[in-house]
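> Just a sequence and a predicted model for now, questions to come.
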Amino acid sequence: MRLLYTQKCNARCHSESLEYPGEQMNKDQILEWLKIDDQEELEKLWRQSNEIRRANVGEEVHLRGLIEVSNYCARDCGYCGIRVGNQDVCRYRMSADEIMDCVRMAVNFEYGSVVLQAGEDYGITRDWLCDIIARIKHTSNLAITLSLGERAEGDLAAWRQAGADRYLLRFETSNRELYDRIHPPLPGGVSDRFEILRSLREMGYEVGSGIMVGIPGQSYDDLANDILLFKEYDIDMIGIGPYIPHPGTPLGMAADQHLPPAGEQVPGTELMTCKVVALTRILCPLINIPSTTALATINRAEGRAHGLSRGANIVMPNLTPKKYRELYEIYPAKASCNENADESNSRIKHGIIAMGRIIGAGRGDSANKKTRTA
């Protein structure tokens, strides 16, 4: 596949760190790092990714207020707790006024952007969301990220025209067979998320994507291909989180089916997730990488800090009203479910400052997109 764009890394490798510059790392070298467990060697990886993060996107950690606007979903994905086939979910869809209340909190907390996230909910209509986007733009300087699944091109174009700045659509895995197994298409439809990502870029969106680490059936070879695709498709923001099983899903109930050969199944651990974060930062120096809620969920004490110290520069505090948080259960026991927005905001900011990092000011636009369009 043709490389759309290759960004040269500004940071130079220290002699005690990696033996090759990140932009020249090939698949065999990525595979080697994914399988290394030696602590001294891994410290080199953490140090290199942190140096490259500092040199290219700085010490700022930008905060993006997450608003989980709806847990309705038309899809029946095999890993997701809010899939349409889960009859035990209490469904909700936030009102426009409830969303605007969250937006006002984001402004008061001095965040640079908000993320409107939902299942693939066709009750979120084109015009309804255009109105909300216009209201946010009229009352604030916030950047707006949408994460609403695979929507029609007309919807995506209208939301961009209304003022949406970014769109997040995770491709989850580059293994097509595995993707089709965990992401059944809608009746009569075919899913091509890479084509949608291309369309989003052409519309002028800042494009985000990402993967799960440790999906049952995901091999090390698959994961190395995923990391290389981040660079090939020139993604502006990459979300990387561990697979966390949900007991009410087909994948959660039958994880031992369709596994790769012995020793090739990727573990959904904090360590493996941090390796992918670090390698992604090294290959794609200018992108935005969040330290995800899923990472904070599997290690509540240090998961988010580990992500930030190994290449990440974004955190998404949850602004969703507390009464809805537990209902947006993609996976169980999600971090911050028992907090309100004030508590989440305070805890996250204190944690960032305690690391010696800086709370980011402004929108936190991707340096990768700025460089590409300059």
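Received it, and whenever you're ready, just let me know what you need. Residues are numbered from 1 along each chain as shown.
> What's the separation between the residue nearest to Asn299 when sequence neighbours are not counted and Ile238?
In space, and not counting its chain neighbours, Asn299 is closest to Glu270: 4.9 Å by Cβ to Cβ, 6 or more residues apart in numbering. Where you see a C-beta, it was placed from the backbone N, CA and C, and this is true even at glycine. Per Cβ to Cβ, to the nearest Å, Glu270 is found 17 Å from Ile238.
> who's more crowded, the two?
Ile238 (28 against 20; other Cβ atoms under 10 Å).
> helix/strand/coil for the more buried one?
Following DSSP: H, G, I helix; E, B strand; the rest coil, Ile238 is assigned to strand.
> Thr280 is in contact with that one, correct?
Yes: at 5.6 Å, Ile238 and Thr280 qualify as touching, with contact defined as Cβ atoms under 8 Å.
> joint contacts of the two?
Taking Cβ atoms under 8 Å, 6 or more residues apart in numbering as the contact rule, Ile238 and Thr280 both touch Phe230, Ile287, Ile289.
> ok, the second one - contacts?
Same thing as Ile287. By Cβ under 8 Å, 6+ apart, the residues touching Ile287 are Phe230, Ile235, Asp236, Met237, Ile238, Thr280, Arg281, Ser366, Ala367, Asn368.
> Skipping adjacent residues, who's closest to Asp37 in space?
Nearest residue to Asp37, sequence neighbours excluded (Cβ to Cβ, 6+ apart): Leu271, at 7.9 Å.
> Quick check: the one you found is in a helix.
Yes: secondary structure of Leu271 (three-state DSSP): part of a helix.
> number of nearby residues for it?
13.
> same deal with Gly360?
Neighbour tally, Gly360, other Cβ under 10 Å: 23.
> In this structure it contacts Glu110, no?
No: at 9.6 Å, Gly360 does not count as touching Glu110 under the criterion of Cβ under 8 Å.
> On the pLDDT front, check Lys8 for me.
On pLDDT, Lys8 comes in at 32.
> any idea where the strands of this protein begin and end?
Ranges of strands in the chain, per DSSP state E, are 60-70, 113-118, 143-147, 166-168, 206-213, 237-242, 314-315, 358-359.
> how far away is the residue nearest in space to the middle of the chain from Ala312?
Closest to where the C-alpha atoms of the chain average out (Cα atoms, centre = their mean) is Gly239, at 2.3 Å. From Gly239 across to Ala312, the span is 10 Å (Cβ to Cβ).
> got any residues that touch both of the two?
By Cβ under 8 Å, 6+ apart, the residues touching both Gly239 and Ala312 are Ile289, Pro290.
> burial measure for the closest residue to Arg160 other than its chain neighbours, as a count.
With Cβ to Cβ, 6+ apart as the criterion, Arg160 has its nearest non-adjacent residue at 4.8 Å, and that residue is Met203. Using other Cβ under 10 Å, the number of residues around Met203 comes to 16.
> what do you get for Lys323?
Lys323: 8 neighbours (other Cβ under 10 Å).
> on that earlier part again, could you export the strands of the chain as a markdown table, including mean pLDDT and distance to Ile99?
Formatted as a markdown table, those follow (pLDDT from 0 to 100; distance: least, Cβ to Cβ, whole Å):
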| stretch | mean pLDDT | distance to Ile99 |
| --- | --- | --- |
| strand 60-70 | 98 | 6 |
| strand 113-118 | 98 | 7 |
| strand 143-147 | 98 | 11 |
| strand 166-168 | 98 | 17 |
| strand 206-213 | 98 | 20 |
| strand 237-242 | 98 | 22 |
| strand 314-315 | 98 | 21 |
| strand 358-359 | 98 | 24 |
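> right, and those strands - which one's nearest Thr297?
strand 237-242 (8.3 Å; Cβ to Cβ).
> which strands and helices sit next to the closest one?
Judged by 3 or more Cβ pairs under 8 Å, 6 or more residues apart in numbering; DSSP states H and E, strand 237-242 is in contact with strand 166-168, strand 206-213, helix 270-283, helix 293-298.
> Would you reformat those as TSV and include distance to Val114?
As requested, the helices and strands packed on strand 237-242 are exported to TSV (distance: least, Cβ to Cβ, whole Å):
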stretch	distance to Val114
strand 166-168	10
strand 206-213	14
helix 270-283	23
helix 293-298	15
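> Let me know which of the ones you listed is the nearest to Leu63.
helix 293-298 (13.1 Å).
> by contact count, what packs against that closest one?
strand 237-242, helix 270-283, helix 303-309.
> pLDDT at the nearest residue to Ile82 once chain neighbours are set aside, what is it?
Sequence neighbours aside, Asn71 is the residue nearest to Ile82 in space, at 4.6 Å (criterion: Cβ to Cβ, 6+ apart). Note for Asn71: predicted pLDDT of 98.
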